[in-house]
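J.: Sequence plus predicted model, see below.
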Amino acid sequence: MRKAYSPQFKAQVVRELLKEELSVSQIATKYEVHPTQLHQWKATVLKGLPSLFVDEHKALDATKVAHEDQLTELYAEIGKLTTQLAWLKKTVRARVAYVGAIVPYELSPPSSVLQGLPETLFACAETDTV
C-alpha cells in the first residue's frame, strides 16, 4: 500500500535535505522514505522555486493584457453581429414591401385588362360566394 505524505511533511524533509547536514540515505532512514522519493521531491522544489520569485505585477499585467484582448475581440463580435442584424432587418423590410406591392397587384387586375370584358362577368363575380 502506498503512503500518502502531507505537503507539510514533504516541505520539512526537503528543507532538511537542502541543508545538506545529513546524507540522502540518512534522511531517508530517519523519515522512512525511499531515497528516490526524496530526490523527486527535491527536484520538484527546485523546479518550482523560480516561480516564487516572479514579479506579481508582471503576472497581473499579463492578465490585464489578456482581458483587454478578449474584450476587444468581444466588441468586434458585437459590432459584426449588429451590422448583420441591421442588414437582415433592411432586407426583410425590402422583401416585405416588394411582396406587399406584388400581392395586391396579383389579386386585382389592372383597369386596362377589365375594359374589354362584358359587364355581366363582373355581376357574376360579385354575386358568387366562395
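T.: Ah, there it is.

J.: Now do the strands in the chain.
T.: Shown for the chain, no strands are assigned by DSSP state E.

J.: all helices for it, in order.
T.: Along the chain, counting by DSSP state H, helices occupy 7-19, 24-31, 35-52, 56-107, 111-114, 119-127.

J.: Lowest average pLDDT across these?
T.: Here the lowest mean pLDDT among those goes to helix 119-127, at a mean of 52.

J.: before we move on, back to that, quick one, which of the helices of the chain gets closest to residue 1.
T.: helix 35-52 (14.9 Å; CB to CB). Bear in mind the C-beta positions are built from the backbone N, C-alpha and C, glycine included.

J.: In that closest one, which residues are buried?
T.: Buried residues in helix 35-52, counted by 16 or more other CB atoms under 10 Å: 38, 41-42.

J.: Same check on stretch 62-69?
T.: Buried residues in stretch 62-69 (16+ other CB under 10 Å): none.
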